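Chemist: Sequence below, structure please.
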Amino acid sequence: MPKYIEKAENQTLPLVVLRGVVTFPGMTVNCDIPTDSFRSGAAAQSAATVGENILLASLLDISEPDGGEPALTKLCPVGTVARIKQLIRTPDGETRLIAEGLCRATISSITPLDEHTIATVVAKTVVTQDDGGVEGEAYLREANFALRQVVRFIPAVAEDIMTHVSTIRNPGLYADFVAANILVRYEDKQAILECFDPIVRIDTLILIMRHEADVLSCESDIRKRVRERINRSQREYFLREEIKVIQDELGEGGSDTDEYFERIMGAELPAEVQKKLLRENERLAKLPFGSAEASVLTNYLDTCLEIPWKKTTTDRVNIEAARKVLDADHDGLEKVKERILEYMAVKQLSPDLKNQILCLVGPPGVGKTSIAASIARAMKRKYIRVSLGGVRDESDIRGHRKTYVGAMPGRIITALTQVGVKNPLILLDEVDKLTRDAHGDPSSALLEVLDPEQNRYFRDHFVELPYDLSDCLFIATANSLNTIPKPLIDRMEIIELSSYTRREKVSIAMNHLIPKQLKKHGLNKRSMKITPDAVEEIIDYYTREAGVRNLERSIAALCRKGAKKLLETPDLKHVTVKAEDVRGYLGPHRLTPEHVSAEDETGVVNGLAYTEAGGDMLRIECAVLDGTGKLELTGSLGDVMKESAHAALTFTRSIASEYGIPSDFYRKKDIHIHVPEGAVPKDGPSAGVTMMTALVSALSGIPVRRDVAMTGEITLRGAVLPIGGLREKTMAAYAAGVKTVLIPADNTGDLEEIDPAARDNLTFIPCRRADEVLRVALTEPGLPLPF
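Modeler: Numbering: from 1, shown residues only. From the prediction side, this is the model:
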């Protein structure tokens, strides 16, 4: 006989009641505890708080309803003392318990407390001093034989489980491991748990496995009879009928596979998808209840059945109605509106047209994201936004393989599941903020999504089935194209959005921002009014941006202070905010608009720049001092801007004699070029002509006209090359009081897109060469202008 010692100890532990789950010593249990399950959640929480063990006890009748105080007569007489490893609160209010069994325990009594129930138990630990000798070896051999008889009918048993079983030499541990990992019936597991003697335990296991082998043998005969009853035309129902017969023989009810079968057959699925899901459902039917693989398959089937494989919405075909929706939601953005209306018109004439992928590029706050939602409303399509900012893993786009723990579909399939149709408008927001690392390049995964030739067969790693994305209308947004890979740019139609003009900002504020903020702050037009001149005051002295986000924040501040004023003054019924009132609400001016100088200056030129905040006028200064020919550049200039200064200096040397400049100035004079606002980084080639003009003026002593501003890139031979951002630059010149703007001749076509107010009040002089710039910009004091 094997030698073992039984140690008994009386303990009082919080009681956690389990339904249909049996925990063995040395094994880990992972289960959910419903909120109203015999106050078990509170017991587990109490034990976890103070770090004490718990008693896991199973119900005698698993059909016993939840709730109330647990009765001793309703519990199995033997439970398991366990140590809590983790306690998780699930979104549906249940408690997920992960605990490790320590030893068996006989329940003596239970006592209800205020929040939970405690149990008085006799915890028994059996310590085996040897492996059982000859008798133990005999029992292990008989158990292995019985186990092989069972396993040959259960191909789903993992090979690693069988390998581990063969290494166990302790009869008691052998019985516990097999019961926990291979036995299916709840009653059989509980019978093994109630055996304290290791030899009795393994003997009971042998009897149970022999019975199970007989049942499985009977099942084989049942399968043969079922095959004879099923017609060849109904072979796809074979597994379902087989399970029903087996369940009838064993006296068990139905299973989740029946429900999944009905859902699969009732859903509108492509033939390939239906075939795949039926095959996975058949696999699920063969797996033991509660196994990890069964949980994976259940999650997979639920996800695939929620995906809209065929459901669509009908697009709006009335173009005028769509135009009214777009105009009502947004001022300006005419390029985007016209492109969408063109798409709707062509789609109406040619329904098979492939959807175009649009990319809206522009500074922050100009309405890229909001116009996408407006487009969806105009087309009567469902709208979903997918934020790509900071995404660095390819699996975020394509999904994870379903075999991984916590696997889920990628963002595209998830978005379609959320919106519920297969033809929504999907906004890919901040596509320029994608990053790459060791996990892959998400922008490469987007190549398939955004290619009309490939996205008909998009394959998510989790779903493992082709999905047709060609009905989706994709709109991407970006602040810059510099960080977007070229192949991705090639798949999109780029629409550049310019910054708003002052007039457009006022219109947006009066028609959209002010009504929105009044409603948000519980106000209306009768209680508060913000005048257009107040909005202009905010634009000029409190915000400097391409869009209207800071403008909206300032309007919100006015509304908050107005609401406070109305409540503090009961007799006050209406608040009006005019331009002269803004300072009292928002404080001192935060910005000082740039204006032209009061007189012409030598070595100071008005340059025009394009920044994230829109256009800006920069006064580039040049000073010439006795020295050794050193060129000093300050003002936080980038490499491109520094190279422009060197190019301007070289050209100035080539024309020095024409303006009375000593030919050896570059050896005897130090030149210092400075761009004010040194804390703000500046870069770009468009300041070339401005620096050249400042150099010539400073070296020749000829002043520069104060009412002239300029932009353009210069070459070593004096050619003036085209630049970008002309619309924003001209708005800055107009706001600063400039009268004449010198632009590259190749940018003349861009004048049609600038603000009408700027176009009507500025004189534009196209220049192809630097000498044309100098003839206009330089003037002798008291002399007539050269044109």
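Chemist: where does R560 fall, phi/psi-wise?
Modeler: Backbone torsions for R560, taken as degrees, to the nearest 10, come to phi -60, psi -40.
Chemist: since we're on it, how many residues are nearby?
Modeler: Around R560 there are 14 other residues, counting by other C-beta atoms under 10 Å. C-beta: built from backbone N, CA, C; applies to glycine.
Chemist: Next up, the contacts around it.
Modeler: H521 (C-beta atoms under 8 Å, 6 or more residues apart in numbering).
Chemist: Which pLDDT value goes with it?
Modeler: Looking at R560, its pLDDT is 90.
Chemist: same thing with the one 5 residues further on?
Modeler: We have a pLDDT of 87 for K565.
Chemist: Kindly check the end-to-end length of stretch 354-365 for me.
Modeler: One end of stretch 354-365 sits 30 Å from the other (C-alpha to C-alpha, to the nearest Å).
Chemist: I misspoke; the intended subject was stretch 585-602.
Modeler: 41 Å.
Chemist: And the residue most central in space within the chain, how far from R89?
Modeler: The residue lying closest to the centre of the chain (C-alpha atoms, centre = their mean) is S387, at 4.4 Å. Using C-beta to C-beta, to the nearest Å, one gets 27 Å for the distance from S387 to R89.
Chemist: that older thread, for the residue nearest to the centre of the chain, give me its contacts.
Modeler: D429, E430.
Chemist: same thing but at 6 Å, please
Modeler: Residues near S387 by C-beta atoms under 6 Å, 6 or more residues apart in numbering: D429.
Chemist: With the one 10 residues further on instead?
Modeler: For I397, the contacting residues are G410, P442, A445, taking C-beta under 6 Å, 6+ apart as the criterion.
Chemist: hey, which helix or strand in this structure has the poorest pLDDT?
Modeler: Least confident helix or strand of the chain, by mean pLDDT, DSSP states H and E, is helix 238-250 with a mean of 61.
Chemist: which residue packs closest to G332, ignoring adjacent ones?
Modeler: Nearest non-adjacent residue to G332, counting by C-beta to C-beta, 6 or more residues apart in numbering: E504, 5.0 Å away.
Chemist: Hmm, I typed the wrong one, I wanted I264.
Modeler: Nearest non-adjacent residue to I264, counting by C-beta to C-beta, 6+ apart: L277, 4.9 Å away.
Chemist: Pretty sure the one you found sits against R263.
Modeler: No: when contacts are counted by C-beta atoms under 6 Å, L277 is not listed as touching R263 (8.9 Å).
Chemist: Compare the two (neighbour count), which wins?
Modeler: Between L277 and R263, counted using other C-beta under 10 Å, L277 has the larger neighbour count: 22 against 15.
Chemist: where's that one relative to Y457, distance?
Modeler: 18 Å.
Chemist: cool, and K382?
Modeler: Distance, K382 to Y457, by C-beta to C-beta: 22 Å.
Chemist: The two - which one has more neighbours?
Modeler: Between K382 and Y457, counted using other C-beta under 10 Å, the more crowded position is K382 (19 against 13).
Chemist: could you check the distance from the more buried one over to I655?
Modeler: Computed as C-beta to C-beta, the K382 to I655 distance reads 63 Å.
Chemist: do T312 as well
Modeler: Distance from T312 to I655, by C-beta to C-beta: 67 Å.
Chemist: quick one, phi/psi of V366?
Modeler: Residue torsions, per degrees, to the nearest 10, at V366 are phi -90, psi 0.
Chemist: Local confidence estimate at it?
Modeler: 82.
Chemist: switch to numbering from 529
Modeler: From this message on, residue numbering opens at 529, which makes the last subject V894.
Chemist: what about the residue lying closest to it once chain neighbours are set aside, which helix or strand?
Modeler: The shortest distance from V894 to any non-neighbouring residue, by C-beta to C-beta, 6+ apart, is to G1075 (4.4 Å). Assigned by DSSP states H and E, G1075 belongs to no helix or strand.
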